[in-house]
Every structure is written in structure tokens, then in C-alpha cells.
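Trainee: Here is a sequence together with a model predicted from it:
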Amino acid sequence: MIDINYTCSYFMNCTETIGQTIITGTETTTGSLYITLLMILVLILIFCILFSIPLEWIAILTFPFVLAYMAFYSSFLKIGLVIILYLAFILTKNFLLS
Amino acid sequence: MGSTLTTAFIFVLILNVLFVSAQASIININPNSNMICGIDNTLLESYTTGDILNENTTIDSNSFSSSLPDSVADADESSGYGFLDTIASVKNWITGKAEIFVSLAAAPNNFIRCIPGIPNVWTTIISAMWYSISFFLLIAFIFGRSA
């Protein structure tokens, strides 16, 4: 379950609409905040795929989300590792060789 | 440009820079995160404030870095003979300042060893492979080899 003191004081603001939505969604639907944040990422990914946004743009636009998740929940470090590797590949291929 | 080895060398450098900046960003967002464990003996060491040994540090991104090479080094005057002192001064300068490239090449090691759940043996193996590949690509780049 959620550690309310930790998340509400360090990670996000729990008093407004989006904060309350995330917290009640976590308590009723999923069991842990990790899965809720992962679902947010997956929903953004599905939205971008529906609108045919290229994978490079998805990686660049979702990287700040994953960076903030990595700072507070260590389970996201492996996902962030994959995104950093892919970003290095994109930067090498497109900006320094052509 | 189209050489494979040059591409790989640039990829290695960019990946090292991305790991260092990701680590600095994570520590800046949350000073109690996991990434604090990999901050000693790295490029970020000169930006830390607080106590490194007790892992109670934050990163001050605007402080002046002392890890880049400065212009003039002191001459080594230990033996009194010009030839030996010249060689010793040059060697000390090179080994002291080549530490920058070693710290940069150590960036993936310091990132990956802080991830919980990855066994230490694997991080050691990956880091050893990374150092070897970086060294090999640097030598190939210096001698002008292309794949």
C-alpha cells in the first residue's frame, strides 16, 4: 500500500484533484504506487502510438517522467536504464554523424 | 564520416555523459535516492556538499569544478637531476589528469551498481567489459584505424 507520509511530503501534492485521483486509484484498483505510475507511463505510450508519434520522440518526451520516478522509486531504475541507452543511440545516430 | 569504430567511440562518450547527468539529476530531485551510493571517486565528487562518507550529500550544480585540468603544474624537484625530474613531472601531470577520462569511463559502473536487485558480480563484469571496450576504441581512434 501507499506510504502516505513519504509520498505526500516528498513526491507529490496530495491535496488537489490529480493527487487525490492517483491515491484513491492506488488504494482501490492497483495495490502499489509503482503499478499506478507504470500505468501512467503505459497510457502515455499508448496515446503516442495511437497518434503515430515516432519512438524517438516518445523516448525524449517520457524521459523526464522516468527521471522523476527513478529519484523516488528504485524499481524504475531498470526502465530508465533502457531509455538512457536508447537515447544515446538516437543522439549518436542523428546528431553527431550526419 | 562512416567509420564504425569512430561511431562506437562517440556512442561510448555520449553514453557516459548521459549517465553522469542522469545521476546528477536524480540526486538533485531527491537527495535520499539510491544514486547516492555511486558518488565517490566520480566526476560529481567536486560538486557535492555535505558528508560523503555518511551518504548525506546534495549536489550544488553551480559550484566551481576543480576536476578539470588546469594550466600549469608544479615541477617535481625530488631528485635534483633535470632529466629525471622532467620525466617525473610529465608522468605526474599525465596520470593526475588522465583521471578525468577514467572517471568519465566509470560512469556506467557508478550508475548500475546503485540499482538494487542486480548482483554485484554482473556489475563487475559489465564494468570490466565497458572499460576494456573504451580503452580499445580510444587506442583505435588514436591510431586512425577504421573497421
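Mentor: That came through, no problem.

Trainee: what's the model's confidence in the helix or strand hosting residue A:19, averaged?
Mentor: Using DSSP states H and E, residue A:19 falls within helix A:17-28. The average pLDDT within helix A:17-28 is 87.

Trainee: Give the next helix or strand downstream of that helix.
Mentor: Next along from helix A:17-28, by DSSP H and E: helix A:33-50.

Trainee: any idea of the angle that next one forms with helix A:17-28?
Mentor: 120 degrees (axes from the mean of the first three to the mean of the last three CA atoms, to 10 degrees).

Trainee: got the CA coordinates for helix A:33-50 in PDB?
Mentor: Extracted in PDB, the C-alpha atoms of helix A:33-50 (Å, rounded to 0.1, in the frame of the first residue of the first chain):
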ATOM      1  CA  LEU A  33       2.100   3.200  -6.300                       C
ATOM      2  CA  TYR A  34       4.700   1.500  -8.500                       C
ATOM      3  CA  ILE A  35       2.000  -0.100 -10.700                       C
ATOM      4  CA  THR A  36       0.000   3.200 -10.800                       C
ATOM      5  CA  LEU A  37       3.000   5.100 -12.100                       C
ATOM      6  CA  LEU A  38       3.800   2.400 -14.500                       C
ATOM      7  CA  MET A  39       0.200   2.500 -15.800                       C
ATOM      8  CA  ILE A  40       0.500   6.300 -16.300                       C
ATOM      9  CA  LEU A  41       3.600   5.600 -18.400                       C
ATOM     10  CA  VAL A  42       1.900   2.900 -20.400                       C
ATOM     11  CA  LEU A  43      -1.100   5.100 -21.100                       C
ATOM     12  CA  ILE A  44       1.200   7.900 -22.400                       C
ATOM     13  CA  LEU A  45       2.900   5.300 -24.600                       C
ATOM     14  CA  ILE A  46      -0.500   4.000 -26.000                       C
ATOM     15  CA  PHE A  47      -1.600   7.600 -26.600                       C
ATOM     16  CA  CYS A  48       1.600   8.300 -28.600                       C
ATOM     17  CA  ILE A  49       1.300   5.100 -30.600                       C
ATOM     18  CA  LEU A  50      -2.300   5.900 -31.500                       C
END
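
Trainee: in chain A, what secondary structure element scores lowest on mean pLDDT?
Mentor: helix A:4-6 (a mean of 80; mean pLDDT, DSSP states H and E).

Trainee: Compute the number of surrounding residues for residue B:13.
Mentor: 19 (other CB atoms under 10 Å in any protein chain shown). (C-beta placed from N, C-alpha, C; glycine too.)

Trainee: Where does pLDDT dip in the chain?
Mentor: With no chain named, the answer covers chain A. A:1, A:97-98 (pLDDT under 70).

Trainee: my question was about chain B
Mentor: For chain B, the ranges with pLDDT under 70 are B:1-2, B:41, B:50-57, B:61-74, B:147.

Trainee: center of it - which residue?
Mentor: Nearest to the geometric centre of chain B sits residue B:103, at 1.2 Å (CA atoms, centre = their mean).

Trainee: pretty sure that one is touching residue B:42, no?
Mentor: Yes: using CB atoms under 8 Å, residue B:103 is in contact with residue B:42, at 5.5 Å.

Trainee: So in chain B, which helix runs the longest?
Mentor: In chain B, assigned by DSSP state H, the helix with the most residues is helix B:4-29.

Trainee: number of nearby residues for residue B:116?
Mentor: Around residue B:116 there are 10 residues (other CB under 10 Å).

Trainee: Identify the spatial nearest neighbour of it, chain neighbours not counted.
Mentor: Leaving out its chain neighbours, the residue that sits closest to residue B:116 by CB to CB, 6 or more residues apart in numbering or on different chains is residue A:74, at 5.3 Å.
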